[in-house]
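S.K.: predicted model and sequence below, questions to follow.
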Amino acid sequence: YRKRLHPFDPEPYKRRNLVERAFCRIKDFRRVATRYDKLACTYTAAIALAAIVTWWL
């Protein structure tokens with residue numbers, strides 16, 4: 001048991017959960033998860049493509 005309870009607001013937690021699940025879906029793409037691309041611009045493009053594909057499906 002905790003001696004001091006921390007306040008908990010469920011609304012921000014719901015939004016945080018949505019963001020975390022979106023990152024998990026994007027990281028399902030091997031190219032993004034392992035960061036094959038050496039340049040930041042190509043890595044950003046791979047993330048954008050992964051996001052588009054996950055949104056499309």
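M.R.: Good, I have the coordinates. Numbering: from 1, shown residues only.
S.K.: for the residue nearest the centre of the chain, phi and psi?
M.R.: With distances taken as CA atoms, centre = their mean, the residue of the chain nearest its centroid is residue 23 (1.5 Å). Backbone torsions for residue 23, taken as degrees, to the nearest 10, come to phi -60, psi -40.
S.K.: residues of stretch 38-53 that come out buried?
M.R.: 46-47, 50-51 (16 or more other CB atoms under 10 Å). Using the backbone N, CA and C atoms, a C-beta is placed for each residue, glycine as well.
S.K.: from these, which land in helices?
M.R.: 46-47, 50-51 (DSSP state H).
S.K.: which of those sits closest to residue 11?
M.R.: Distance to residue 11 across those (CB to CB) is lowest for residue 51, with 24.2 Å.
S.K.: please name the nearest non-neighbouring residue to the closest one.
M.R.: Leaving out its chain neighbours, the residue that sits closest to residue 51 by CB to CB, 6 or more residues apart in numbering is residue 26, at 5.9 Å.
S.K.: on contacts alone, who are the packing partners of the host helix or strand of residue 33?
M.R.: Element membership for residue 33 (DSSP states H and E) is helix 30-34. Under the contact criterion of 3 or more CB pairs under 8 Å, 6 or more residues apart in numbering; DSSP states H and E, helix 30-34 touches helix 40-56.
S.K.: for the helix it packs on, name the packing helices and strands.
M.R.: Using 3+ CB pairs under 8 Å, 6+ apart: helix 40-56 touches helix 10-26, helix 30-34.
S.K.: so what touches the shortest one?
M.R.: Spelled out, it's helix 30-34. Contact with helix 30-34 is made by 26-27, 37, 43, 46-47, 50, as judged by CB atoms under 8 Å, 6 or more residues apart in numbering.
S.K.: ditto for stretch 14-25
M.R.: 51, 54.
S.K.: how far away from the center of its chain is that stretch?
M.R.: 6 Å (CA atoms, centre = their mean, to the nearest Å).
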